[in-house]
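Asks: for reference, the sequence and a predicted model appear below.
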Amino acid sequence: MKLIIDGYNLMYKLKPNDPTLEKKRERLILLLSEFKKINNVDLILVFDGKFQESGHRGYETRAGIKIIFSAKEETADDVIIDILKKRKEKPKNYAVVSSDNKIKDFAYENNIHIILSEDFLEYLT
């Protein structure tokens, strides 16, 4: 199972008290790494990268989680939908965590399981 997560959408539902954006992201990554260990899923965490200078997506892997920052002129929603459009496996092998309507609509239309961010929090906390 590949689980694609709308990073900031989930992070702000978590209501982190950390002082900086970087610390908030780190906290989310830590929680997700624990979730990944327990549930044995492939995790892709997507963040908006609109403040970066590059017109290219940023990629890194931390704690076994693939992290993608969108390019300057795109949103995390755009990246998630692009990943889903290019998928090589059946829709049943994917799930998306987001409460954004654009992502929910695409997932429903393509028979991809959607988990609302606020519901997914129950698994993390």
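Replies: Good, I have the coordinates. As the structure is a prediction and not an experimental result, all values here were calculated from the model.
Asks: how about low-confidence regions in this protein?
Replies: 50-54 (pLDDT under 70).
Asks: please, where are all the helices along it?
Replies: 7-14, 21-39, 76-85, 101-109, 117-124 (DSSP state H).
Asks: show me what counts as buried in the third one.
Replies: I take that to be helix 76-85. Buried positions in helix 76-85, judged by neighbour count with 16 or more other CB atoms under 10 Å: 76-81, 83-84. For the C-beta atoms, the positions are set from N, CA and C on the backbone; glycine is no exception.
Asks: pull the residues that contact that helix.
Replies: Outside of helix 76-85, the residues within contact range by CB atoms under 8 Å, 6 or more residues apart in numbering are 4, 6-9, 44, 46-48, 57, 68, 70, 94, 96, 98, 100, 102-103, 106-107, 110, 112.
Asks: which among the residues you listed end up buried?
Replies: Here, 16+ other CB under 10 Å leaves 4, 6-9, 44, 46-48, 57, 68, 70, 94, 96, 98, 100, 103, 106-107, 112 buried among the contacts of helix 76-85.
Asks: partner residues bridging the closest residue to Y108 other than its chain neighbours?
Replies: Leaving aside its chain neighbours, Y108 sits nearest to I114 (6.7 Å; criterion: CB to CB, 6 or more residues apart in numbering). With DSSP bridges as the criterion, I114 is bridged to V96.
Asks: do G58 as well
Replies: Note on G58: beta-bridge partners by DSSP bridges are F69.
Asks: contacting residues for the most centrally placed residue in the chain?
Replies: Taking CA atoms, centre = their mean, the centroid of the chain lies closest to I5, which sits 2.0 Å from it. By CB under 8 Å, 6+ apart, the contact list for I5 reads 32, 43-46, 96-98, 120.
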